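K.L.:
Predicted structure and sequence below. I'll ask about it afterward.
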Amino acid sequence: MIILMKKDCTKEQIDRVIAAVEGKGLGTNLSVGRQSTVIGVLGDKSRLSTANIELMDGVDKCVPITHTYKLASREMVPEGRQVKVGNVTFGSKQLVMIAGPCAVESEEQIMKAAEGVKAAGAQMLRGGAYKPRTSPYAFQGLGDEGYRLLRKAADAYGLLCVSEVVDYADLQIAGECCDMIQIGARNMQNFRLLREIGKSGIPVLLKNGIASTVEEWLDAAEYILSEGNQNVVLCERGIRTFETATRNTLDVSAIPVVKERSSLPVIVDPSHAAGKRSLVQPLALAGVAAGADGIIVEVHPDPKQALSDAAQQLTLEGFAEFRKAVDSVAQAVGRTL
C-alpha cells in the first residue's frame, strides 16, 4: 500500500503519518517527487486502518499495490526515479552512454579503450574483471586486478566506470574501484548477492535473466530496494527464445512495459542481444526509440584479438559512428546524448 499526501502537506504532517505507520510495526519508504509525495507501507497491512490514516492531516488517500514489487512500482514514484552516479543521471532527458570492452584484458587494452570511447562521447567505461562463462575453459577475466585497471583507465580519461560482480565476497574491492556495480543475467536471481548489494548502497545496474519475465526482473530489483539501496538501474540485454539468428532476442517491448509498471530507469544492451557486430547499431536504435534511458555497448581497440565476445564488439571507429546514429534517434524522440 502507498499513502498519497496532499500537494500542500507539511513536513510535520508527513512525519506524523510515518510515525503512525511505524507505530504499528510496519516499515515505511518516503518518496518526495516533483509532483507528489508518497509514503510506501511495507509489511502486514492488516495491522493498519486505512480509514484512520486517510483522516490524518495532509493525507490525500491510501492506494493498495497488488504487485509483489512495491518499491520498484510506478505507483511508488509516479514521475519516475532518477539515479545519479557521479555527474551522470539515469532517467533524465539525457541518455547515458556506457562503452568499453567485454573484459579487461591488459592495461594497454583498457587504456586504449578508455581513450577511444571518451573521445567519441561516452560518459562511462565498462569492462569485466570476473567473467562468468558457459565453458570453464574460456577466459574468466583478470579478477581483482581487472577492477584496479578499469579504475586506473577511467580516472586517466575522466570517465565513470561499471563492472560486474559475481560473488558477494568481491563487493568490497568492486565498490572501491567502481562507480556502479553490474549484476549480470546469470545472477539476476542470486538473492543473497542482491541483498548484500542492497545493504552496500552502491549504484547497481541490474540485467534481466536470459529466461526471466518482467515481473521476476522487477522482483529482483525489489530485493535491492528493500535493503535500502534506491540506486537501481535496469538493463534489458536480450532473452533466450527459439530464434537462433541472433545470440539472444532483444525484448524491445520490455522497455515500455517496464516504464509503465516501474519507476526505475532502464537502459539497453544491444551487444549481448545481437552477438554480431553488424546488428548492434539497429538494435540500439530500436531500444532508444522504445524509451531506453541509455545504452551499454561493447567496444574493443582490436576486436579480432579480443579474448571474449570478439564477434559483437565494435571497433573504436565504429563506436564513433554508432554514437552519431544514436544521437539522431535520441533527438527524434525528444532526448539528448
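P.N.:
Done, it's in.

K.L.:
Which residue lies nearest the spatial centre of this protein?
P.N.:
Among the residues of the chain, the one closest to the centroid is V233, at 2.2 Å (C-alpha atoms, centre = their mean).

K.L.:
Looks to me like that one is in a strand.
P.N.:
Yes - assessed with DSSP: H, G, I helix; E, B strand; the rest coil, V233 lies in a strand.

K.L.:
Use 4 as the first number from now on
P.N.:
Got it, the first residue is 4 from now on, which makes the last one we talked about V236.

K.L.:
Can you tell me the closest non-neighbouring residue to Y150?
P.N.:
Leaving aside its chain neighbours, Y150 sits nearest to C180 (4.0 Å; criterion: C-beta to C-beta, 6 or more residues apart in numbering). All C-beta spots, glycine's among them, are computed from the backbone N, C-alpha and C.

K.L.:
Oops, could you answer that again for E230 instead?
P.N.:
Per C-beta to C-beta, 6+ apart, closest to E230 is G201, 2.6 Å.

K.L.:
residues contacting the residue nearest to N211 when sequence neighbours are not counted?
P.N.:
Sequence neighbours aside, W220 is the residue nearest to N211 in space, at 4.6 Å (criterion: C-beta to C-beta, 6+ apart). Contacts for W220 (C-beta atoms under 8 Å, 6 or more residues apart in numbering) come out as M191, L209, N211, G212, L237, V261.

K.L.:
same for the longest helix belonging to the chain, what does it pack against?
P.N.:
Secondary structure of the chain per DSSP state H: the longest helix is helix 319-335. In terms of contacts (3 or more C-beta pairs under 8 Å, 6 or more residues apart in numbering; DSSP states H and E), helix 319-335 is packed against strand 99-103, helix 110-123, helix 280-292, strand 297-301.

K.L.:
a markdown table for the ones you listed, including mean neighbour count?
P.N.:
Below are the helices and strands packed on helix 319-335 laid out as a markdown table (neighbours: other C-beta atoms under 10 Å):
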| stretch | mean neighbour count |
| --- | --- |
| strand 99-103 | 27 |
| helix 110-123 | 20 |
| helix 280-292 | 20 |
| strand 297-301 | 28 |
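
K.L.:
would TSV of the ones you listed with distance to D272 and mean pLDDT be doable?
P.N.:
As requested, these are exported to TSV (distance: least, C-beta to C-beta, whole Å; pLDDT from 0 to 100):
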stretch	distance to D272	mean pLDDT
strand 99-103	9	98
helix 110-123	15	98
helix 280-292	9	97
strand 297-301	5	98
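
K.L.:
Please report which of the contacts of W220 has the highest neighbour count.
P.N.:
L237 (29 neighbours; other C-beta atoms under 10 Å).

K.L.:
From A141, how far out is T318?
P.N.:
22 Å (C-beta to C-beta, to the nearest Å).

K.L.:
The two: who's more crowded?
P.N.:
T318 (17 against 12).

K.L.:
how close does that one sit to D330?
P.N.:
Counting by C-beta to C-beta - T318 and D330 are separated by 18 Å.

K.L.:
all strands for the stretch 104-253 of the chain, in order.
P.N.:
Secondary structure of the stretch 104-253 of the chain by DSSP state E, counting those that start in this stretch: the strands cover 127-129, 163-167, 183-186, 207-210, 235-239.

K.L.:
So what are the sheet partners of the first one and their directions?
P.N.:
Next to strand 127-129 in the sheet, as set by DSSP bridges, lie strand 99-103 (parallel), strand 163-167 (parallel).

K.L.:
Outside of the first one itself, list whatever touches it.
P.N.:
Outside strand 99-103, the residues that touch it by C-beta under 8 Å, 6+ apart are 91-93, 113, 116-117, 120, 123-130, 164-165, 270, 296-302, 322, 326, 329, 340.

K.L.:
The closest residue to R195 other than its chain neighbours: neighbour count?
P.N.:
Using C-beta to C-beta, 6+ apart and skipping residues adjacent in sequence, the residue nearest R195 is Y171, 6.2 Å away. Y171 has 17 neighbours, counted by other C-beta under 10 Å.

K.L.:
if I pick Y171, what's in contact with it?
P.N.:
Y171 is in contact with R195, L196, E199, I200, counting by C-beta under 8 Å, 6+ apart.
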